[in-house]
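Q: here is my input; please provide its structure:
(one chain, ligands or ions: 1)
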Amino acid sequence: MADETKDQVAEFLDKLDVTSASLRTLVDNIRSKSGPIHVVVSILAGTGKAEEFYKKHIPKFLAKFDLKQGDDYTTHFTKSATTVTELAQEVFAIQARSKQVFIILLSGDGGIVDLLNGLAASAHKDGYVPPIVAVLPFGTANALAHSSRVASDETFGLSTLCHGSPKQVPIFSVQFSPGARLVTDEGRRYDELPQTSSIPIPLLYGGVVCSWGFHAAIVADSDTAEFRKHGIERFKMAANEALWPSNGKGPHEYVGDVYLSRNGKWIKIPREKHSYILATTVSNLEQKFVISPASKPMDGSLRLVHFGPMGADDVMKVMMQAYDGGKHVDEETVGYETIDGLWIDFKEDSDEDDDGQRWRRVCVDGKIIAVEKDGWICVTKDPTTVLELIVPPR
Ligand SMILES: Nc1ncnc2c1ncn2[C@@H]1O[C@H](COP(=O)(O)OP(=O)(O)OP(=O)(O)O)[C@@H](O)[C@H]1O
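A: Predicted coordinates:
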């Protein structure tokens, strides 16, 4: 963290008038109903700066609102990749049966998706009170935070936390064919996914992106401790390897049948091979990477960006246009449409070597799922309010 940034946060805190902050009202309201307050610090998110920031600023910040650690709020530092999911299932979901839970989350998109999935089963039951979450963006891409303008100044989201108000996080569900597995531990492990309770169909919820092809590949390939050291550059490094692989082949042409649904009708994309299939509820996948320029903060729309096989230079050109304010969607070669759902039948047929699996990797909000040979996924908008996120005032 740059010294200048530290000073800007400290300066903001010194000048903060807590009486005029909407957080004052929110905290008073939550405390009057004995609602619990939690701070969750994802210590390995991004380049690992969340813990340092927490220690320097958060207890001091919360003390301004008469909140003391232990008495008024509980702090949780992640101990493993499953800490946030476990907290959501074992603590927050139970409390949310009757109370408004308030969570300050120092993490990237991964912390949000873990909360969503840990709470989703409870959220579909009567009496559930959606927790309010304030995110301080300490991840690599922070897509949800950038798209909802949470971190539009230099206070790491503290200004939004003080002056913003809660809004439903629009979500989608992704159902997978039964053999799909969650890829963890830098691609070395394959874990079971949660299932719908009634039928053995693996199911995940997302609030940012579901992709297959080039995007999923670079997220998957760059999710190693070695790549993570490079911060946001890790995506560009992985992109270069995917576009100009060392075996001299061009970028992979992903084989499958892709259908989108709109107004109750399923339409097949008229192409057997693809480079990029990406459904998203947000505008920005990174601060400057505007994948869906028509999406407005938390507008509840699901949009699809897609294109067929292209040479490496052309794929790179499309990506650069996305970095240039989202101009790629005006290209004739790029499909961009509002959808209600997405279905993919994977036709990548090799399963003897790693490559079959490799080309059937799907990304849901940064998580990587390997789908089995002849498998499928189905993405659908879900109207349930699982979480509310504090977003800036208009
Ligand atoms: N103590 C820990 N031990 C092991 N893994 C951890 C620990 N803390 C966090 N993680 C993992 O690190 C990852 C951090 O994800 P998160 O999305 O918050 O950050 P990011 O991937 O850098 O950002 P973004 O998703 O915004 O690009 C998650 O997979 C999380 O489970």
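Q: residues near the residue lying closest to residue 73 once chain neighbours are set aside, how many?
A: Distances taken as C-beta to C-beta, 6 or more residues apart in numbering place residue 37 nearest to residue 73, at 4.0 Å, with adjacent residues excluded. (Each C-beta comes from the backbone N, C-alpha and C, glycine too.) Using other C-beta atoms under 10 Å, residue 37 has 20 neighbouring residues.
Q: who touches residue 37 in this structure?
A: Residue 37 makes contacts with 27, 30, 31, 67, 72, 73, 74, 101, 102, 103, 104, as judged by C-beta atoms under 8 Å, 6 or more residues apart in numbering.
Q: now with 10 Å, please.
A: Taking C-beta atoms under 10 Å, 6 or more residues apart in numbering, we find residue 37 in contact with 27, 30-31, 62, 65, 67, 72-75, 100-104, 132.
Q: ok, residue 375 next?
A: Residues in contact with residue 375, defined by C-beta under 10 Å, 6+ apart, are 176-180, 256, 344-346, 348, 360, 362, 369.
Q: ok, residue 237 next?
A: Going by C-beta under 10 Å, 6+ apart, residue 237 touches 218, 221, 222, 226, 227, 230.
Q: quick check: phi and psi at the last one.
A: It stands for residue 230. phi -90, psi 10 (degrees, to the nearest 10).
Q: neighbours around it, how many?
A: By other C-beta under 10 Å, 15 other residues sit near residue 230.
Q: check the first one too.
A: The burial metric for residue 218, expressed as a neighbour count using other C-beta under 10 Å, is 24.
Q: in JSON lines: the contacts of residue 237, plus distance to residue 320.
A: Shown next, in JSON lines, are the contacts of residue 237 (distance: C-beta to C-beta, whole Å):
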{"residue": "218", "distance to residue 320": "15"}
{"residue": "221", "distance to residue 320": "20"}
{"residue": "222", "distance to residue 320": "18"}
{"residue": "226", "distance to residue 320": "25"}
{"residue": "227", "distance to residue 320": "21"}
{"residue": "230", "distance to residue 320": "19"}
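Q: circling back: looking at the contacts of residue 375, which is nearest the ligand?
A: Nearest to the ligand among the contacts of residue 375 is residue 369, at 13.6 Å by C-beta to the nearest ligand atom.
Q: who does that closest one form a beta bridge with?
A: Beta-bridge pairing of residue 369, defined through DSSP bridges, involves residue 182, residue 362.
Q: relative to residue 52, how far out is it?
A: Counting by C-beta to C-beta, to the nearest Å, the separation of residue 369 from residue 52 is 32 Å.
Q: okay, these two: which has more neighbours?
A: A direct count of neighbours by other C-beta under 10 Å for residue 369 and residue 52 places residue 369 higher, at 26 against 14.
Q: residue contacts, that one?
A: 174, 176, 180-183, 190-191, 193, 202, 204, 210, 212, 216, 220, 360-363, 375, 377.
Q: which strand in the protein runs the most residues?
A: Counting residues, the longest strand found in the chain (DSSP state E) is strand 254-262.
Q: mind listing what it pairs with, with the direction of each?
A: With DSSP bridges as the test, strand 254-262 is paired with strand 265-268 (antiparallel), strand 273-274 (antiparallel), strand 341-346 (antiparallel).
Q: inside strands: which ones of the contacts of residue 369?
A: Among these, DSSP E puts 174, 176, 181-183, 190-191, 204, 210, 212, 361-363, 377 in strands.
Q: what pairs with the closest residue to residue 209 other than its chain neighbours across the strands?
A: Spatial nearest neighbour of residue 209, excluding adjacent residues (C-beta to C-beta, 6+ apart): residue 280 at 4.7 Å. Beta-bridge pairing of residue 280 under DSSP bridges involves residue 209, residue 303.
Q: hang on, residue 280 packs against residue 293?
A: No: counting by C-beta atoms under 10 Å, residue 280 sits too far from residue 293 to count as a contact (11.3 Å).
Q: ok, the two, which is more surrounded?
A: residue 280 (26 against 17).
Q: got a list of what the more buried one touches?
A: Taking C-beta under 10 Å, 6+ apart as the criterion, residue 280 is in contact with 143, 147, 172, 206-211, 215, 291-292, 295, 301-305, 365.
Q: next one, pLDDT for it please.
A: Looking at residue 280, its pLDDT reads 98.
Q: swap in residue 6?
A: The per-residue pLDDT reported for residue 6 equals 53.
Q: from here on, count from 43
A: All set: I'll call the first residue 43, so the last point we hit is now residue 48.
Q: in a strand, residue 148, correct?
A: Yes: the assignment for residue 148 by DSSP: H, G, I helix; E, B strand; the rest coil puts it in a strand.
Q: my guess is it meets residue 90, correct?
A: No: using C-beta under 10 Å, residue 148 is not in contact with residue 90, being 11.2 Å away.
Q: ok, and the closest non-adjacent residue to residue 328?
A: Nearest residue to residue 328 in three dimensions, chain neighbours excluded: residue 183, at 4.7 Å (C-beta to C-beta, 6+ apart).
Q: quick one: the one you found and residue 270 touch, right?
A: No: the criterion here is C-beta under 10 Å, and residue 183 misses it with residue 270 at 11.8 Å.
Q: just give me the neighbour total for the one residue in the stretch 293-436 of the chain that gets nearest to the ligand.
A: Nearest to the ligand, among the residues of the stretch 293-436 of the chain, is residue 408, at 4.0 Å (C-beta to the nearest ligand atom). Using other C-beta under 10 Å, residue 408 has 21 neighbouring residues.
Q: need the contact list for it.
A: Neighbouring residues of residue 408 by C-beta under 10 Å, 6+ apart: 150-152, 154-156, 181-183, 185, 248, 250-251, 261-262, 265.
Q: for the stretch 43-192 of the chain, which spans come out with low pLDDT?
A: 43-48 (pLDDT under 70).
Q: and residue 342, what does it touch?
A: 210, 211, 212, 213, 323, 423, 425.
Q: quick one: the strands in the stretch 43-192 of the chain?
A: For the stretch 43-192 of the chain, strands defined by DSSP state E, counting those that start in this stretch occupy the ranges 79-83, 115-119, 144-149, 174-179.
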